[in-house]
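Asker: The following block contains a protein sequence and its predicted model.
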Amino acid sequence: MPSAAKATISKDKTPGSETIVGFSVEELKAPFLLRCAAFSIDYMLLVFLPAAWLMLGASTTGGIGTTVWSVAIIVFVANFLIFPLATGRSLGKLLTGLTVVNIDGTKVRPGKLLFRNTLGYLVTAGTAGIGFLIAALNTSGRSLHDILSGTVVIRGRKTQL
């Protein structure tokens, strides 16, 4: 279970605004292997339905129908776009206790998160995996798509002042 983050939040008098106090990317960054576990959960979720359909029904149906592909696309969009836009997490990040935040610790705006999870992932994947390995090598634990979007994946929870 992740421990409480050392960063604290001070609520301003303006509704919906917050000031992050004492946020340290180096202290709260998600471990690389935990990020890999979260990605693996997301990937398994993505391929489970088509793979299960092939194993169970390929002999009788001759392949994967459009219904299975449609459901797989809906699951993909929900896990990589809708859930992160609503919570800052995919299902894999939720199960591993990780959250995507801005580099200063504030909540990520929807446009920035959409950029991170679409074009950012495409650019990172286009590097043949090197963009992901950057997270293991730098002190902030940020992958290429995090660097491009100004975000960081952290492990921890906010505490109120």
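Answerer: Yep, it's here.

Asker: which secondary element of this protein has the worst mean pLDDT?
Answerer: strand 4-11 (a mean of 48; mean pLDDT, DSSP states H and E).

Asker: Go ahead and report the secondary structure state at V101.
Answerer: strand (DSSP: H, G, I helix; E, B strand; the rest coil).

Asker: and V68, that's in a helix?
Answerer: Yes. Counting by three-state DSSP, V68 is located in a helix.

Asker: Leaving out sequence neighbours, find the closest residue to it.
Answerer: W53 (4.7 Å; C-beta to C-beta, 6 or more residues apart in numbering). In short, each C-beta sits where N, CA and C put it, glycine included.

Asker: which one's the longest helix in the protein?
Answerer: helix 32-61 (DSSP state H).

Asker: buried sites along that one?
Answerer: 32, 34-39, 41-42, 45-46, 49, 53 (16 or more other C-beta atoms under 10 Å).

Asker: Flag the shaky bits of the chain, pLDDT-wise.
Answerer: 1-22, 57-65, 157-161 (pLDDT under 70).
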